[in-house]
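1. sequence first, predicted model second:
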Amino acid sequence: MRSYSITKQSLKMANENAIHAYCMKTKEKNVLMQDAVITKTAKGGYMAQGTDGKGNKMTTMLGKEKAEAAVKAGLAKMG
């Protein structure tokens with residue numbers, strides 16, 4: 001059995017790079033996006049599409065830095 005060491009710093013980095021969005025169906029703010037896929041728009045912006053924990057689809061716009069940080073942290077895939 002392996003034991004994993006999770007430090008406060010690694011949790012803080014994961015929370016900083018996590019993508020949150022507004023869920024239109026449930027009217028909840030700052031819902032954590034799961035299974036996020038980031039795409040680049042025609043005008044050069046970044047858009048993240050994913051689901052909340054209940055299976056509802058979510059979309060949000062991101063800046064370049066936030067999008068790259070989420071991909072680097074492993075919280076999203078580049079599409």
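-> Ah, there it is. Owing to the predicted nature of the structure, the values given are computational and were not obtained by experimental measurement.
2. so for the strand or helix carrying Ala70, what gets flagged as buried?
-> Assigned by DSSP states H and E, Ala70 falls within helix 64-73. Going by neighbour count (16 or more other CB atoms under 10 Å), the buried part of helix 64-73 is 66-71. C-beta: built from backbone N, CA, C; applies to glycine.
3. go on, stretch 51-66?
-> 52, 58, 60, 62, 66.
4. flag the shaky bits of this structure, pLDDT-wise.
-> By pLDDT under 70, the low-scoring segments of the chain are 1-15.
5. and the next element down the chain from the helix holding Ala70?
-> Tracing the chain C-terminally past helix 64-73 and defining elements by DSSP H and E, one meets strand 76-78 next.
6. neighbouring strands - and their directions - for that following strand?
-> Note on strand 76-78: by DSSP bridges, its sheet partners are strand 34-40 (parallel).
7. relative to helix 64-73, how tilted is the partner strand?
-> Using axes from the mean of the first three to the mean of the last three CA atoms, to 10 degrees, the interaxial angle of strand 34-40 with respect to helix 64-73 works out to 130 degrees.
8. who's in contact with strand 34-40?
-> With contact meaning CB atoms under 8 Å, 6 or more residues apart in numbering, strand 34-40 is reached by 19, 46-53, 62, 67, 70-71, 75-79.
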